[in-house]
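**Student:** Any chance you could fold what I've pasted below:
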Amino acid sequence: MKNGFCKLITDKKGISTTNSGRTAPVKVPPDFSINLQQVDCENVDFQYLDYKYQQNVEMLIHDCGFTGNFSSDNYLMELDGNVLSKRIKIGGTAYLVNKEAHINTGINVNVPDDNYAFEAGKLPSIKILF
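**Tutor:** Numbers count the residues shown, from 1 in each chain. Coordinates of the predicted model:
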């Protein structure tokens, strides 16, 4: 994906929609599942808004490659690349506001259990290791 945008939104009831350059958002079915093997992104404005769980991730992806397996209950994603983190907000706390970063990590999100696990990774440009 190049020179575009991707917007993923979950409303307060937990109903998800996506918009990636289309004229109207698309509702995501409850049994949604997609497996992406290698996606290369360049100059992509990315936004994930989850009003049910009060999560907001906004970033400009300069150049990044990722793989992922996404379903309505679980997200598994590995990514490596350069981004401008505009804001990562969980609850009332904002992280990485307007920070350039090279990200190399994986994340496993279990939605029903509200459980997040990061694989060994690093954000070296801002000196965070996990």
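
**Student:** mind checking how far residue 33 is from residue 73?
**Tutor:** 9 Å (Cβ to Cβ, to the nearest Å). C-beta coordinates here come from the backbone N, C-alpha and C atoms, glycine included.

**Student:** More neighbours: the two, which one.
**Tutor:** Ranked by neighbour count (other Cβ atoms under 10 Å), residue 33 and residue 73 place residue 73 first, with 14 against 11.

**Student:** residues in contact with the spatially most central residue of the chain?
**Tutor:** Nearest to the geometric centre of the chain sits residue 48, at 5.9 Å (Cα atoms, centre = their mean). Listed by Cβ atoms under 8 Å, 6 or more residues apart in numbering, the contact set of residue 48 reads 7-9, 55-58.

**Student:** Mind checking which of those land in helices?
**Tutor:** Using DSSP state H, no member of these sits in helices.

**Student:** Sort those residues by pLDDT and name the bottom one.
**Tutor:** Checking pLDDT across the contacts of residue 48, the minimum falls on residue 8 at 79.

**Student:** Can you classify the closest residue to it other than its chain neighbours as helix, strand or coil?
**Tutor:** In space, and not counting its chain neighbours, residue 8 is closest to residue 48: 4.7 Å by Cβ to Cβ, 6 or more residues apart in numbering. Following DSSP: H, G, I helix; E, B strand; the rest coil, residue 48 is assigned to strand.
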